[in-house]
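Undergrad: predicted model and sequence below, questions to follow.
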Amino acid sequence: MRSWRRHPFLGSARRGRESRAHGRERDTFAKKGSCETAAGTLGSLRTFHPARGGEVLEVLPAARPRNAPKPSWTVSLVRRATPFFAIAAVYAIQVSAGAGPVLAFPLYLTVILLTALQLSRVESLATAFLAAIAILVPSVVGGDLAPALLLAIVLLVAAFAITEVVRQVRATADRAQRQSEEIAASEERLRLMLEAAMVGLALVDGEGRWIQVNERLGTILGRPQAELLQLPLEAVTAEKDRAVLNEALALLRSGDIVRWEAELSQVRGDGTRVPVAIAIGAAPGYVPGEPLLLVQESDISARKRLDGLRDCLVSVRHVIVGGLTWEQSVPQLLSSLCAYLDQDLAQFWVADPERQALRVRHFWHRDESTFEPLRNQSRAASIPLGVGLLGRVWQSGVVAAIEDLSEGGDYANVDVARVAGLKSVIAFPVVDGGAVIGVVELLAGHSRKIEDDEVTMLSTVGVEIGQFVRRSDTAQALRRSEADHRAIFERSPIGIARISGDGDLVEANPALLAMLGHDFQAMRESAWPDLLRAYDQAAARQRGAPLLAGIATGASVQVRASTGASKWLWLQLTATSIPDSNGRPEHLLVMIEDVTTVRETSDQLAEALESQRSANANLEKLDHTKTEFLSIVSHEFRTALTGIQGFSELIRDGGLEPDEVRAYGGYIFNDADRINRLIGDMLDLDRMESGRMSMRSGDVDINEVLTEAMARAGTGVTQVEFKSDLDPRLPIVAGDRDRLIQVVSNLVNNAIKYSPDGGTVTLSTRSEGGYALVSVADTGLGIPPDEIGHVFERFRRVRSGAAQSIPGTGLGLTIVKQIVEMHGGKIWVESAVGHGSAFHFTVPLAAENVTPLQRRHA
Amino acid sequence: MLVADDNDVAQRLCKRVLEKAGYVVLIAADGLQAVDVALAQRPSMILMDVAMPGIDGLEAMRRIKEAMPTMPIVIASAHSMASDRERFLAAGADNVLSKPFRLADLVAIVGTLVKQP
């Protein structure tokens, strides 16, 4: 409303000058003949909304009241009295001159005429009456009444006519006057409207030359109206917008359009740009060929600035929600701020609370080279809390600016900034959770005043950036943590499986898939359920819980599992449950290690240990056996030698009866013979056990072997009866005949020895399953049950009861067993004490499977 | 005195030598028999073999010593390793005679334990 008050036509204080100014303006209007029509169209212009830069004129000035000053009473009285004095004067002259009324008549008529012209009708008529009386009076006195009366009547009629004419003329003049004044007032109102309008208004011709401009337009364009009238519309329009303007003018000229609206950038008198909303319309009643255009402009720089601030905020938010990290977003943020706030350089300073200093973190500028020194300076700088512009902003948390660096201020890098051509600085805090975590500094190459709305906007931006920094930091930390864990999962040499609460495989790391040779699909569908079952079985063996029933964290079991390549592995499974936020196991983590090598090694080690242990035991046993053997052998030898030595000593000492000598010699012979047999048996056994005994393999008729053995045994024995039950169709066997005779002889001798009271010894043969089965049964003492298992062991002899006195080396049956086994047969014994024993052995039949008879025939 | 031995050659040798030396010689052929004879006849001393059927000489000696702790018992065994000798003495034998033995040794050992009849 400032411009309103400045308006020369308004305000009582300036009323005194009005008529003069009014007159001048009227003259101006009067010169432009076609203005009246144009002005008349002003009323049809739309009202502009303030937001669009226009303002509504709330009150239009009313027509000025025509209150001319009243003449003073004396002047009026003199004025009114004057005609009467004039009549009186004429009468006086007439009387004094003695002239006739005819002569005075023109004078009276003149006075009346003047009165009618100068004064009102009543006064003129009164004057006329007075004049008539003045004419009549001398005639009445003189007696010449008739001509005087005629003259008076003529005078009155003339006076009446004159007043009528004057009245008519006056009425006409008054009408004209009123009309003229009304037109003037209307023009004035229109002019007021034009001049007082908050929008720039102007008339231009078809070529865009100004015809008339209002003051507001001059204000908008920063030029005096007179200067503006010298320039075409195009000249005050920024170059980039000229083409579109000219095009619009051409269209308006041709009548294709009647109205054009646009937003243009125009050039102010000081060279700065001003954004305007412009509307150009063809004036109504405009005659083609004589184009007249109405131009309406409003300064939309405030709106533009608001739009800029809003766009700036939007742009900042756009960057913030763009999903980039803080580091990636900073250049965009800073460049957006610079672009929208018309700044040339931006720096982001991070507050380091520990060192109580601001350090520059990010730098953005329009031109690479110009600001390098400033950048270097910033890099090295460390700004303490509360010091300088930036320190203040950090401390106070409010936006601050230095409008013009050349006028000083507490800007730290003022010299460098000046050298770089920077003139103004704005700094705003980046706030997170109430604390200032950084300061953004914007520098421009021009001096710049910061507006209140910009402060508000920058404060908002600071808070939003602060929140973004925190979110970004958190997100980055999360991402890093996630990446770390992912890397552990992906690169772990140990297999890791994530299992849902239902036991389904959710995730398996590459190590696990590689270990088991499955892809994830196969792993999930078959291999994992198998593994789960194996785990539960293994856990059950260790009295542990199944995997899904409840994990004792860290419990591990080893299971056997097959791989996709059908290889068997030992896997060690260690399960851990991962609780959800309620503490219930949400899923399980299972670590799977291939312990096959370890397991196999340990198994091999255990086997080796076991075999070593058993070898050691065998060695010990062997050693023990050897010691025992030596002990037994020496005992046997010494026992036999006792008799030999003792009785030979007796014989040597002499003094014996011949019978005694004979008897003693017999004892000595028997024992010596026994020793000899012992030695022979031992050597045989040793040869057999060490594999040094050679077997002469040939076809042997077992029946014949038995017959010979019986014949040999029977020579010295009479108490025992022999029986034989030989299978005549027994095929020949493959073997060493002499050894087989040794076996049978030994068994037959034993049968005889252990049948001290006589009895029957039965020899039988038969073929059974590819073997010749030979049995030697006696009806002798029999073997006690506790000893029957040991009869084939060396030096084990039945020494209980009646059997104890039966001599033997204790090696016979051991040798027999060895020979039978060397032939690939088996030997066993059945016995009952008091009922005798039956020894059975088998020898494999010869491959040809022929009987001795067949052979003989062949 | 009592000679307990399962070997009849040894029995005869001992009996012949000791009778010649003036002792009355009883014979037992196994451990149980030796215990029975010793308890029944109460000999002056016993010459005991070890490797005998039934109960061995050491067990027989233990049983006899249980009843007659002062009964002199000489173990005469073909087990003649050094450890055997210690074993027999530890088991309570009054002396040990290794087989085969010199006849003079037999007489001398018996003589130290039994007064001349």
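TA: That came through, no problem. As the structure is a prediction and not an experimental result, all values here were calculated from the model.

Undergrad: rest of the way, CA atoms for contacts and neighbours
TA: OK.

Undergrad: can you check the pLDDT for the closest residue to B:A91 other than its chain neighbours?
TA: Distances taken as Cα to Cα, 6 or more residues apart in numbering or on different chains put B:L58 closest to B:A91, at 7.1 Å, once the chain neighbours are dropped. We have a pLDDT of 89 for B:L58.

Undergrad: now do the contacts for B:L58.
TA: Residues near B:L58 by Cα atoms under 8 Å, 6 or more residues apart in numbering or on different chains: B:V50, B:F88, B:A91.

Undergrad: likewise for A:I135?
TA: By Cα under 8 Å, 6+ apart, the contact set of A:I135 is A:Y91, A:P101, A:F105, A:A148, A:L149, A:L151, A:A152.

Undergrad: check A:N746 too.
TA: Neighbour list for A:N746: A:G812, A:L813, A:V816 [criterion: Cα under 8 Å, 6+ apart].

Undergrad: among those residues, who's most crowded?
TA: A:G812 (27 neighbours; other Cα atoms under 10 Å in any protein chain shown).

Undergrad: so which strand or helix has the residue nearest to B:A91?
TA: helix B:57-67 (DSSP states H and E).

Undergrad: can you name the element that comes right after that helix?
TA: strand B:73-77.

Undergrad: which helices and strands does that following strand pack with?
TA: Packing contacts for strand B:73-77, counted by 3 or more Cα pairs under 8 Å, 6 or more residues apart in numbering or on different chains; DSSP states H and E, involve strand B:46-48, strand B:95-98.

Undergrad: of all the ones you listed, which lies closest to A:L678?
TA: strand B:95-98 (20.8 Å; Cα to Cα).

Undergrad: in its sheet, what does the closest one sit against?
TA: strand B:73-77 (parallel) (DSSP bridges).

Undergrad: check A:V798 and give its pLDDT.
TA: At A:V798, the pLDDT recorded in the model is 60.

Undergrad: up against chain A, what does chain B have?
TA: Counting by Cα under 8 Å from any Cα of the partner chain, chain B comes close to chain A at B:6-7, B:9-10, B:13, B:53-54, B:78-80, B:99-103.

Undergrad: separation between the residue nearest to B:A91 and A:L650?
TA: 29 Å (Cα to Cα, to the nearest Å).

Undergrad: picking up where we left off before, just the buried members of the residues of chain B next to chain A?
TA: With burial judged by 16 or more other Cα atoms under 10 Å in any protein chain shown, the buried subset of these is B:6-7, B:9-10, B:13, B:53-54, B:78-80, B:99-101, B:103.

Undergrad: please name the residues that touch A:V748.
TA: A:A709, A:M710, A:A713, A:V761, A:V776.

Undergrad: okay, and it sits in which element?
TA: Going by DSSP H and E, A:V748 is in helix A:737-753.

Undergrad: so for that helix, what's the average pLDDT?
TA: 86.

Undergrad: ok, stretch A:563-583 next?
TA: 81.

Undergrad: what do you get for stretch A:622-633?
TA: Predicted confidence along stretch A:622-633 averages 78 (mean pLDDT).

Undergrad: ok and the residue in chain A nearest chain B?
TA: Distances between chain A and chain B by Cα to the nearest Cα are smallest at A:T642, namely 4.0 Å.

Undergrad: now that residue, nearest residue through space, not along the chain?
TA: B:P100 (4.0 Å).

Undergrad: confidence score at A:L57?
TA: Reported pLDDT for A:L57: 42.

Undergrad: where does chain B have low pLDDT?
TA: B:115-117 (pLDDT under 70).

Undergrad: wait, what's in contact with the spatially most central residue of chain B?
TA: In chain B, the residue lying closest to the centroid (Cα atoms, centre = their mean) is B:L47, at 1.4 Å. For B:L47, the contact set (Cα under 8 Å, 6+ apart) comprises B:M1, B:L2, B:V3, B:A4, B:I73, B:V74, B:I75, B:A76.

Undergrad: nice, that's everything, thank you.
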